[in-house]
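K.L.:
predicted model and sequence below, questions to follow.
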Amino acid sequence: MATMTMAQALNTALRDAMTEDPTVLVFGEDVGPLGGVFRITDGLTRDFGEERCFDTPLAEAGIVGTAVGMAMYGYKPVVEMQFDAFAYPAFEQITSHVAKLHNRTRGALSLPMVIRVPYGGGIGGVEHHCDSSEAYYAHTPGLRVVTPGTPEDGYRMLRDAIADPDPVVFLEPKRRYWSKGEVDTAAPGPALDSAVVRRQGSSATLIAYGPMVALAMEAAAAAEDEGWDLEVIDLRSLAPFDEQTVADSVRKTGRAVVVHEASTFGGYGAEVVARITEQCFHHLEAPVLRVGGLDIPYPPPKLEEHHLPSVDRILDAVDRLQWEATSG
């Protein structure tokens, strides 16, 4: 057991995977000697050589296309899209080839590859550096889409993603890179496609993932002063979706709020709300609410705090749950 930042946990996961399996390769823009913009790959080129961790041209479609070929021939490439919005040039490769090759070949070929995507805001970044693009990937059949909310999940989920025989889009919440937590690299974690209950509660359920898990925990603690006992679910896996864990919680509490950074309209939370409504309708005491980013292009750094969800906005939604229940 050791205290690590999420960045350190991810670096350790890559290092351990590369040590144990010589077919694991890491490549992308500036991931070599520099160690990546966020230093997630720091020291890997030094310790494993340029054949195992290397820089690429600024060509995301080429990065992913190369990874497809390597995965077809028995390697396990782990590629980095330097920022969330930088990944869009590779989107055609991801949706047309990465997601479809196993089905296209009737199972003859699998693609054991991981596409790491630093995503989300909260770092004072500018446009093209703070997108929350998870719904694009989760909407694509054939992709496993996961996102850690804690350093320990950062380590364990990345190790599991690399070991998975299918392609995984691994979304890393940039604002949590420097958050610290205890990491036991020897302990097995929950299955990669499982949600977890981060906090038990009985009044309502907060459902979050990635960068919003810590915020949901803060809101749950603050809500105690107002008499709310909030349960917090960390989805961890966006595709596939752990419907059972979420439904069990909402059936118990009767109320739910889904929290994410992405713009609310058409966001991933809409799918979560639909699933809850289908599975838990007769248990609901109020409509399921969403707290998300505003429906605007990502704003300048000085305005991002108004765009992103906050503890106050989450608590406002929780208060609405009570009002909706009594007024209905």
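P.N.:
Structure's in. What do you need?
K.L.:
tell me the contacts of Phe83?
P.N.:
If you count contacts by CB atoms under 8 Å, 6 or more residues apart in numbering, Phe83 has them with 37, 118, 125, 128-129, 131. For every residue, glycine as well, the C-beta is placed using N, CA and C.
K.L.:
list the contacts of the spatially closest residue to Asp42 that is not a sequence neighbour.
P.N.:
For Asp42, ignoring the flanking residues on the chain, the nearest one in space by CB to CB, 6 or more residues apart in numbering is Gly35 at 3.3 Å. Contact analysis of Gly35 by CB under 8 Å, 6+ apart lists 41-45.
K.L.:
ok, back up a step: just the buried members of the contacts of Phe83?
P.N.:
Taking 16 or more other CB atoms under 10 Å as the criterion, what is buried in those is 37, 118, 125, 129, 131.
K.L.:
for the second one, helix, strand, or coil?
P.N.:
The local conformation at Pro118, judged by DSSP: H, G, I helix; E, B strand; the rest coil, is strand.
K.L.:
for Gly293, see how far away it is.
P.N.:
With the distance defined as CB to CB, to the nearest Å, Pro118 ends up 17 Å from Gly293.
K.L.:
again with Val168
P.N.:
Distance from Val168 to Gly293, by CB to CB: 25 Å.
K.L.:
the two - which one has more neighbours?
P.N.:
Val168 (28 against 22; other CB atoms under 10 Å).
K.L.:
from memory the more buried one sits against Tyr137, does it?
P.N.:
No - at 10.0 Å, Val168 and Tyr137 do not qualify as touching, with contact defined as CB atoms under 8 Å.
K.L.:
intersection of neighbour lists for the two?
P.N.:
Common neighbours of Val168 and Tyr137 (criterion: CB under 8 Å, 6+ apart): 143, 145.
K.L.:
now find how far off-centre the helix or strand where Ile63 lies is within its chain.
P.N.:
Counting by DSSP states H and E, the secondary-structure element that holds Ile63 is helix 60-72. Mean-position distance between helix 60-72 and its chain equals 22 Å (CA atoms, centre = their mean, to the nearest Å).
K.L.:
residues in contact with it: which ones?
P.N.:
Taking CB under 8 Å, 6+ apart as the criterion, the residues outside helix 60-72 that touch it are 25, 27-29, 56, 77, 79, 81, 86-90, 92-94, 97-98, 101, 109-113, 115, 167.
K.L.:
let's see that with 10 Å instead.
P.N.:
By CB atoms under 10 Å, 6 or more residues apart in numbering, the residues outside helix 60-72 that reach it are 23, 25, 27-29, 56-57, 59, 75-82, 86-94, 97-98, 101, 105, 109-115, 165, 167.
K.L.:
buried ones in that helix?
P.N.:
Neighbour-count burial for helix 60-72, with 16+ other CB under 10 Å as criterion, is recorded at 60, 63-68, 70-71.
K.L.:
dump it to CSV, restricted to CA.
P.N.:
Included here for helix 60-72 are C-alpha records, laid out as CSV according to Å, rounded to 0.1, in the frame of the first residue of the first chain:
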residue,chain,number,x,y,z
GLU,A,60,-3.8,11.1,-34.3
ALA,A,61,-5.3,9.1,-37.1
GLY,A,62,-1.9,7.7,-37.9
ILE,A,63,-1.3,6.9,-34.2
VAL,A,64,-4.5,4.8,-33.9
GLY,A,65,-4.2,3.3,-37.3
THR,A,66,-0.7,2.1,-36.4
ALA,A,67,-2.0,0.7,-33.2
VAL,A,68,-4.6,-1.3,-35.1
GLY,A,69,-2.0,-2.9,-37.2
MET,A,70,0.2,-3.7,-34.2
ALA,A,71,-2.7,-5.2,-32.3
MET,A,72,-3.6,-7.4,-35.3
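K.L.:
centroid-nearest residue for the protein?
P.N.:
When the chain is reduced to its mean C-alpha position, the nearest residue by CA atoms, centre = their mean turns out to be Thr147, at 2.1 Å.
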